[in-house]
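[1] Fold the following for me, if possible:
(chains A and B)
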Amino acid sequence: MTRPHIEPFIDREVPFKKMTLPGFPKGMHYKMLSLDTDTGACSMTVKFEPGYELPPGMSYSEMELFVMSGYIEMEGKKHGPGTYICLPPGVALPAMKMPRGVTGLLFYNHGEPSFVESDADHRLGESDKLIKVNAYQDMQWSSTNFFPATAPGCMVKILKFDERTQAFTFLYCMTPNFWQDNISYHDCAEEAYHIWGTSWMMQFGDLPTGGYFYRPPYINHGAFRCELGTIALGRTDSQLYNHFHFNPWTTVEENRARAGARMLAWKPDLYKWVATGDHNHPADFEFPHAHYDEKGERIFHHHDGGDLDHNHGRPSRPPAAKSRARRK
Amino acid sequence: MPGLIKHKRSREAESWLKKEIAEQKARFRRIEHEMNVVIAKKRDQWIEEFLHNIQTRGYHVHFNMMRKIKPEEIPKKPKRKFKVVF
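    Numbers count the residues shown, from 1 in each chain, chains lettered A, B, ... in the order given. Have a look, this model is predicted:
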């Protein structure tokens, strides 16, 4: 992921822009929160004008939508504030209407925003991965379940969890008079948008309603305060671990080195294996062990010198292609 | 790549992306200046309060477990340039 550190950004300070990308019907407006400069993946606040209609269609990238106000009519049902949809790439959603307009958060996770009109799934679409839930009405708050955990008064609702990367999307809230006196950093990138409320961090000051951050790994944040309560939507790109400490002046490099040293202390055998100069291929037995995944996309693996993108002469074929060839 | 179906990016998308990247660069520069320069003095004060609080009230180790930090454990501000936005 190549996104810069955007923290803090208050979207209320900038106007909406018209969405002009091909495929999107007129009447959609957006504020760019952050953007991956390589892939075009992005996070946006969006506004759909009253009467906006979207025909059945799909996106090339995995997409997540969270409704903050208004409602979407889909298949005869109204989906109001709190509605969360995670749409896998290539999976077609039915037609949508937004009679009174909608504001929300929209995330394209792996590529630039796209909309292709279609009433059928793409052949690679995995409709079993579609998530549709009302996070306000159908889910309850729970403690964070991380160890070490955030201080009492910070609660979450997990909306999406990627079993391979452990990336997750979640609603979180801080109760009035929440405080946490430590400094944290993570091995993952993290982003969040304040749906309502103001919280404070020692490095960045107040983050009010409409406040947003995209924070790359190993950047210090905290201590934390929240006077009147906050509700926000957060996301990570991989596993979130709270590396707590109390040195306000450490750098990204020092934090990363500390995380590495902790990994050596916690998982010495795994650390040594990964760190050897041999031709290691960290592969997950639950996922295809090859240079390709089930969609025919190359899986990155470890090589000495940090060379993650290479080939081995004659490229091996994806497993599906091999079995097809054998059948012939 | 999981989560993405290969497709050819349109010309319009290319030029949209270019424009957005330029705007993001400008946004980053503004934020970087505001955070690393403009509010630096205010933050020094916040840090002072934090270092005081963890010695008197305690430092959050995990959930509601807190530990009072001894004066000799308190880190000293290094001489190098200090920044919070990278």
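[2] a strand runs through A:Gly234, doesn't it?
    Yes: using DSSP: H, G, I helix; E, B strand; the rest coil, the assignment for A:Gly234 is a strand.
[3] Could I get the contacting residues of the nearest residue to it once chain neighbours are set aside?
    Of all residues not flanking A:Gly234 in the chain, A:Ala192 sits nearest, at 4.1 Å (C-beta to C-beta, 6 or more residues apart in numbering or on different chains). C-beta coordinates here come from the backbone N, C-alpha and C atoms, glycine included. Going by C-beta atoms under 8 Å, 6 or more residues apart in numbering or on different chains, A:Ala192 touches A:Tyr172, A:Tyr212, A:Phe213, A:Ala232, A:Leu233, A:Gly234, A:Arg235.
[4] now swap in A:Arg262 and tell me
    Taking C-beta under 8 Å, 6+ apart as the test, what A:Arg262 contacts is A:His243.
[5] Poorly predicted segments of the chain, please.
    Chain wasn't specified; assuming chain A. A:1, A:276-328 (pLDDT under 70).
[6] oops, chain B please
    For chain B, applying pLDDT under 70 flags the ranges B:1.
[7] List the buried residues in stretch A:150-163.
    Of all the residues in stretch A:150-163, those buried under the rule 16 or more other C-beta atoms under 10 Å in any protein chain shown are A:Thr150, A:Ala151, A:Gly153, A:Cys154, A:Met155, A:Val156, A:Lys157, A:Leu159, A:Lys160, A:Asp162.
[8] Sort out for me which of those residues are in helices.
    Assignment to helices by DSSP state H places none of the buried residues of stretch A:150-163 there.
[9] From those residues, list the ones also adjacent to chain B.
    For chain B, the contacts drawn from the buried residues of stretch A:150-163 by C-beta under 8 Å from any C-beta of the partner chain are A:Thr150, A:Ala151.
[10] Can you classify residue 37 by secondary structure?
    Chain wasn't specified; assuming chain A. coil.
[11] You answered for a different chain; I wanted chain B.
    Per three-state DSSP, the local secondary structure of B:Val37 is helix.
[12] For it, give its distance to A:Met202.
    Counting by C-beta to C-beta, to the nearest Å, the separation of B:Val37 from A:Met202 is 17 Å.
[13] These two - which one has more neighbours?
    Set B:Val37 next to A:Met202 and count neighbours by other C-beta atoms under 10 Å in any protein chain shown: A:Met202 wins out with 20 against 10.
[14] show me what contacts that one?
    A:Ile183, A:Gly222, A:Ala223, A:Phe224, A:Pro248, B:Arg43, B:Trp46, B:Ile47, B:Phe50.
[15] What residues are bridge-paired with the first one?
    In this entry, A:Ile183 is beta-bridged to A:His245, by DSSP bridges.
[16] Of the contacts of A:Met202, which is the most crowded?
    Top of these by neighbour count (other C-beta under 10 Å): A:Ile183, with 27 neighbours.
[17] Do I have it right that that one meets A:Phe224?
    No: taking contacts as C-beta atoms under 8 Å, A:Ile183 lies outside contact range of A:Phe224: 9.5 Å.
[18] Check chain B for its longest helix and report it.
    Using DSSP H, we find that the single longest helix of chain B is helix B:11-33.
[19] And for stretch A:245-259, what's in contact with it?
    So stretch A:245-259 is contacted by A:182-183, A:185, A:187, A:202-203, A:216-220, A:243, B:47, B:50-51, B:54, B:59, B:69, B:73, B:75, B:77-78, B:82, B:86 (C-beta under 8 Å, 6+ apart).
[20] So which of the contacts of A:Met202 are in helices?
    Here DSSP H is the test, and the contacts of A:Met202 give B:Arg43, B:Trp46, B:Ile47, B:Phe50 as lying in helices.
[21] So which of those residues would count as near chain A as well?
    Within these, those near chain A by C-beta under 8 Å from any C-beta are B:Arg43, B:Trp46, B:Ile47, B:Phe50.
[22] Confirm that the residue nearest to A:Gly234 sits in a strand.
    Yes: secondary structure of A:Ala192 (three-state DSSP): part of a strand.
[23] and it, bridged to which residues?
    A:Phe213, A:Gly234.
[24] ok, it to chain B distance?
    15 Å (C-beta to the nearest C-beta, to the nearest Å).
[25] same thing with A:Val102?
    For A:Val102 relative to chain B (C-beta to the nearest C-beta), the value is 22 Å.
[26] Kindly report the same for A:Thr198.
    16 Å.
[27] now that residue, nearest residue through space, not along the chain?
    A:Pro208 (4.5 Å).
[28] Report the contact partners of the one you found.
    By C-beta under 8 Å, 6+ apart, the neighbours of A:Pro208 are A:Ile10, A:Arg12, A:His194, A:Gly197, A:Thr198.
[29] Quick one, which of these are buried?
    So, by 16+ other C-beta under 10 Å, the buried ones in the contacts of A:Pro208 are A:His194, A:Gly197, A:Thr198.
[30] what residues are up against the nearest residue to the second one once chain neighbours are set aside?
    In other words, A:Gly197. Computed as C-beta to C-beta, 6+ apart, the closest residue to A:Gly197 that is not its neighbour in sequence is A:Thr230, at 3.2 Å. Going by C-beta under 8 Å, 6+ apart, A:Thr230 touches A:Cys173, A:Met174, A:Phe178, A:His194, A:Trp196, A:Gly197, A:Thr198, A:Ser199.
[31] so does stretch A:38-55 get close to chain B?
    Yes: residues of stretch A:38-55 are located near chain B by C-beta under 8 Å from any C-beta, namely A:Thr39, A:Gly40, A:Cys42.
[32] how about CSV for the residues you listed, with distance to A:Lys132 and neighbour count added?
    Listed next are the residues of stretch A:38-55 next to chain B as CSV, based on distance: C-beta to C-beta, whole Å; neighbours: other C-beta atoms under 10 Å in any protein chain shown:
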residue, distance to A:Lys132, neighbour count
A:Thr39, 25, 20
A:Gly40, 25, 21
A:Cys42, 22, 24
